[in-house]
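A.B. asks: dropping the sequence and predicted coords here.
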Amino acid sequence: MKNTLGLLLTTLAASISPAIAAPSQADVVIRHATVIDVEHGRAVPAQTVAIRDGSIVAVTDDAGAGAQWQASTTIDGRGRYLIPGLWDMHVHFGGGPALIEENKALLPLYVAHGITTVRDASGDLAEQVLSWRGQIASGQLFGPQLFTSGAKIEGLAPVWKGTIEAGDKAGVDAALDREQRDQVDFVKITDSTLKPELFLYAVSQAKARGLRSSGHVPMALTVGQAIEAGMSSIEHLDYAFKAGVKDEAAIAADFAAGRIDRAEANRRLHAGFDRDTAMAAYRRFAELGVAVTPTLDGGRIIDFLDVEPRDNDPYLAYIGPGLRDTYAWRVERAAKATPAQIEARHAHYAQVAAVLPMLQEAGVRIMAGTDAGFLNSYNFPGIGLHNELALYVREGLTPLQVLQSATRAGPAWFGKLDRYGAVAAGKAADLVLLDRNPLQDITATRAINTVVMRGKVYDRAALDAMLAETKAQVAEWNAQAKP
C-alpha cells in the first residue's frame with residue numbers, strides 16, 4: 001500500500017513540476033525595478049513586472065516568481081523607479097482649421113514626457129479631436145490616450161469659438177443630445193454668454209443623463225450653486241478661491257443685478273477670502289466628490305512675465321508658428337500693465353495658490369492639469385505638467401500627494417481606477433521608468449528613462465527621436481512661415 005501511494009505521489013509530482021518550472025511568457029518584462037506604490041506611498045524594491053497584450057499580468061519579487069517570466073523585450077530597471085503613466089487632466093487643442101497639423105504635432109510631446117493620458121477640455125477643433133480619440137485608440141494615430149469634452153456648451157454669440165450655442169432650455173437639451181451622439185467623455189460648460197439659470201440647467205441635465213461636467217462658473221452664481229447642481233470638477237484654482245469668499249453670494253447677486261461690474265466683483269472677491277468659509281466649502285466639495293484641477297502654472301506664467309520672460313524659451317522650438325501666434329494676445333495684455341497692476345498680479349497668484357494645501361487638507365481630489373495648448377502663452381504641452389507638479393510641492397503638497405494628483409486622481413474622476421493608477425496585475429501597461437525616486441523629489445518625474453504605453457516600449461532613444469522629429473517639423477513650418 002505504501003509503495004502504491006509513493007508511486008502515485010511521485011507520478012503526480014512529476015506531472016506538476018514541469019508546469020511550475022516552465023517559464024511564463026510575456027511581451028515585455030521589466031526586471032529589478034523599484035515599484036512606486038502611489039496609493040500608499042511605498043517604494044517596493046527588486047520587482048519584476050510582466051506585460052502581455054497591453055496589460056500588466058504580474059508584479060512579483062525578482063528572487064521569487066519573477067525569475068520565471070520571459071519575454072522578447074526585457075527592460076533593466078535596476079536603480080530605477082517605476083510609476084503609473086502620468087495624466088494631464090486639462091489640455092486644449094485649437095486655433096482653427098489651419099492649425100490642425102500643428103496641434104497634431106503636440107501629441108508626441110505628451111508621450112515623450114511620460115504623459116500617457118490627456119483630458120481635452122475643449123477648443124475649436126472638436127470634431128478633429130473626437131476623430132483623433134478614435135484613431136489613437138485603434139492604433140492609427142500615435143499619441144496619449146485621449147478623453148475629450150467635444151464642443152463646449154455656451155450661450156449665444158460667445159467669445160469662444162467652436163461652441164454649441166444655447167439660448168434657452170431647448171437649446172441646452174439639443175446641445176446635450178449632440179454631446180451624447182458624439183459620445184463625449186464629459187461635458188464642458190462655460191460662461192461667456194450662457195445665462196446663469198441655463199448654466200445650472202445644463203449642469204443638472206448633464207448629471208441626469210449620466211454625464212460628468214466641468215467648466216467656468218458664471219460670476220452671477222456661487223461655486224456652491226454649481227456643485228449642488230451637479231458639476232463634477234472645478235477647472236482652475238481661482239474658482240476654488242472664489243468659493244472661500246465669505247460674501248460670495250452677495251457679490252454674485254450684486255453682479256447679476258447689474259449693481260457692480262466685473263472689476264468691482266473681482267476686487268470684493270479678493271478682499272473677502274475667509275479660511276473658515278473656505279474649509280467649509282471645500283469639505284462640501286469632498287463630500288460631493290467634486291474634483292479641482294488647479295492649472296496653477298498657466299496663471300503664474302502670465303502673472304510673472306515681468307520677471308520671468310519666456311519669449312526665448314528653448315521649448316518654443318517644439319511649438320508651431322501658428323500656435324505661437326495665438327500666445328500674443330495674453331502677452332501683449334500683460335506687457336501693458338502698470339507697476340501697480342503687476343504688483344497686484346503677483347499678489348493675486350500668491351493668494352490663490354495658498355488655497356491648494358487647504359483643498360488637500362479638506363480631502364478634495366486634486367487633479368493635475370496644465371491648461372496647455374493654444375492661446376495660453378508659454379504653457380507648453382508635455383513639459384508643462386512637470387512644471388505644474390513642481391509648483392504643487394512649492395505651494396505645500398508632499399511629493400506623494402502630487403504624484404497621486406497626476407496618476408490616480410484622473411482615473412478616479414473617470415471611474416477607471418480598476419484599470420489605471422497603479423503598477424499592479426490587471427492594470428493597463430501605461431508606465432514610466434524614472435532614474436530617480438519621485439517620492440523624495442517630485443522633479444524626478446522629468447528623469448524619464450523609458451515609457452511604456454499600451455504595452456509598447458519607448459526607451460530614451462525613442463523618446464528623444466519623438467522630440468527631434470517634432471522639432472524638425474516645426475523648423476520646417478518656421479521656414480515656410482517666413483515672408
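C.D. replies: That came through, no problem.
A.B. asks: max-length helix in this structure?
C.D. replies: With DSSP state H setting the assignment, residue counts place helix 460-481 as the longest helix in the chain.
A.B. asks: run a quick neighbour tally on residue 228.
C.D. replies: A count of neighbours around residue 228, defined by other C-beta atoms under 10 Å, yields 15. To be clear about C-beta, it is placed using only N, CA and C from the backbone, and glycine gets the same treatment.
A.B. asks: now do the contacts for it.
C.D. replies: When the contact criterion is C-beta atoms under 8 Å, 6 or more residues apart in numbering, the partners of residue 228 are residue 288.
A.B. asks: next one: whichever strand or helix holds it to chain centre, how far?
C.D. replies: Using DSSP states H and E, the element containing residue 228 is helix 223-229. On the basis of C-alpha atoms, centre = their mean, to the nearest Å, helix 223-229 is displaced by 23 Å from the centre of the chain it belongs to.
A.B. asks: average pLDDT for that helix?
C.D. replies: Across helix 223-229, the average pLDDT comes to 98.
A.B. asks: got the CA coordinates for that helix in PDB?
C.D. replies: What follows is helix 223-229, C-alpha atoms only, in PDB (Å, rounded to 0.1, in the frame of the first residue of the first chain):
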ATOM      1  CA  VAL A 223     -19.500  78.000  -6.800                       C
ATOM      2  CA  GLY A 224     -21.700  76.200  -4.300                       C
ATOM      3  CA  GLN A 225     -24.700  76.600  -6.700                       C
ATOM      4  CA  ALA A 226     -22.700  75.000  -9.500                       C
ATOM      5  CA  ILE A 227     -21.600  71.900  -7.500                       C
ATOM      6  CA  GLU A 228     -25.000  71.400  -5.900                       C
ATOM      7  CA  ALA A 229     -26.500  71.400  -9.400                       C
END
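A.B. asks: can you name the next helix or strand after it?
C.D. replies: Scanning the chain past helix 223-229 towards its C-terminal end, the next helix or strand to appear is strand 233-235 (assignment: DSSP H and E).
A.B. asks: so what touches that next one?
C.D. replies: With C-beta under 8 Å, 6+ apart, strand 233-235 has contacts from 90, 121, 212-217, 223, 226-227, 240, 243, 285, 290-293, 295, 367, 369, 413.
A.B. asks: over to stretch 256-273?
C.D. replies: Judged by C-beta under 8 Å, 6+ apart, the contacts made with stretch 256-273 from elsewhere in the structure are 196, 219-221, 241-242, 244-248, 251-252, 254-255, 348, 351.
A.B. asks: buried subset of those, written for PyMOL?
C.D. replies: With 16 or more other C-beta atoms under 10 Å as the burial test, the buried ones among these are selected in PyMOL as follows:
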select buried, resi 196+219+220+221+241+242+244+245+248+251+252+254+255+348
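A.B. asks: narrow the contacts of stretch 256-273 to those in helices?
C.D. replies: Among the contacts of stretch 256-273, the ones falling in helices (DSSP H) are 196, 241, 242, 248, 251, 252, 254, 255, 348, 351.
A.B. asks: nearest to residue 403, of those residues?
C.D. replies: residue 241 (24.2 Å; C-beta to C-beta).
A.B. asks: hang on, isn't that closest one packed against residue 353?
C.D. replies: No - under the criterion of C-beta atoms under 8 Å, residue 241 makes no contact with residue 353, lying 9.2 Å away.
A.B. asks: got any ranges where the stretch 251-400 of the chain has weak pLDDT?
C.D. replies: Across the stretch 251-400 of the chain, nothing is flagged by pLDDT under 70.
A.B. asks: in it, which spans are helices?
C.D. replies: With DSSP state H, counting those that start in this stretch, the ranges of helices along the stretch 251-400 of the chain come out as 262-271, 275-288, 296-303, 321-325, 328-335, 339-353, 355-362, 383-394, 399-407.
A.B. asks: so where do the strands sit in the stretch 1-150 of the chain?
C.D. replies: Using DSSP state E, counting those that start in this stretch, the strands found in the stretch 1-150 of the chain span residues 24-37, 42-52, 55-61, 69-76, 81-84, 86-91, 115-120, 145-148.
A.B. asks: reformat those strands as TSV; add distance to residue 424, mean pLDDT and mean neighbour count.
C.D. replies: Written out in TSV, the entries for those read as follows (distance: least, C-beta to C-beta, whole Å; pLDDT from 0 to 100; neighbours: other C-beta atoms under 10 Å):
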stretch	distance to residue 424	mean pLDDT	mean neighbour count
strand 24-37	9	97	21
strand 42-52	9	97	19
strand 55-61	6	97	19
strand 69-76	15	96	16
strand 81-84	9	98	26
strand 86-91	17	98	28
strand 115-120	16	98	27
strand 145-148	18	98	22
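A.B. asks: could these go into a markdown table alongside distance to residue 268?
C.D. replies: Converted to a markdown table, the strands of the stretch 1-150 of the chain look like this (distance: least, C-beta to C-beta, whole Å):
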| stretch | distance to residue 268 |
| --- | --- |
| strand 24-37 | 44 |
| strand 42-52 | 46 |
| strand 55-61 | 52 |
| strand 69-76 | 56 |
| strand 81-84 | 42 |
| strand 86-91 | 27 |
| strand 115-120 | 32 |
| strand 145-148 | 36 |
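A.B. asks: closest to residue 319 out of those strands?
C.D. replies: Closest to residue 319 of these is strand 86-91 (C-beta to C-beta; 13.5 Å).
A.B. asks: okay, that closest one in PDB with CA atoms only?
C.D. replies: Output in PDB follows, covering the C-alpha atoms of strand 86-91 (Å, rounded to 0.1, in the frame of the first residue of the first chain):
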ATOM      1  CA  LEU A  86       1.100  60.400 -15.900                       C
ATOM      2  CA  TRP A  87      -2.300  62.100 -16.700                       C
ATOM      3  CA  ASP A  88      -2.700  65.700 -17.700                       C
ATOM      4  CA  MET A  89      -6.400  66.500 -16.900                       C
ATOM      5  CA  HIS A  90      -6.700  69.800 -18.700                       C
ATOM      6  CA  VAL A  91      -5.300  70.400 -22.200                       C
END
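A.B. asks: now tell me what touches it from outside.
C.D. replies: Outside strand 86-91, the residues within contact range by C-beta under 8 Å, 6+ apart are 110, 113-121, 235, 293, 295, 367-373, 381, 384-385, 406-407, 409-411, 413, 420, 432, 445.
A.B. asks: one step back: what is the longest helix of the chain packed up against?
C.D. replies: helix 107-112, helix 321-325, strand 448-453 (3 or more C-beta pairs under 8 Å, 6 or more residues apart in numbering; DSSP states H and E).
A.B. asks: now do stretch 357-368: distance from first to last residue.
C.D. replies: With C-alpha to C-alpha, to the nearest Å as the measure, stretch 357-368 spans 14 Å from end to end.
A.B. asks: cool, and stretch 34-41?
C.D. replies: With C-alpha to C-alpha as the measure, what separates the two termini of stretch 34-41 is 12 Å.
A.B. asks: which element is residue 188 on?
C.D. replies: Secondary structure assignment for residue 188, by DSSP H and E: strand 187-189.
A.B. asks: tell me the mean pLDDT for that strand?
C.D. replies: The predicted model assigns strand 187-189 a mean pLDDT of 98.
A.B. asks: summarise which helices and strands it is packed against.
C.D. replies: Under the contact rule (3+ C-beta pairs under 8 Å, 6+ apart), strand 187-189 is packed against strand 152-154, helix 196-208, strand 213-215.
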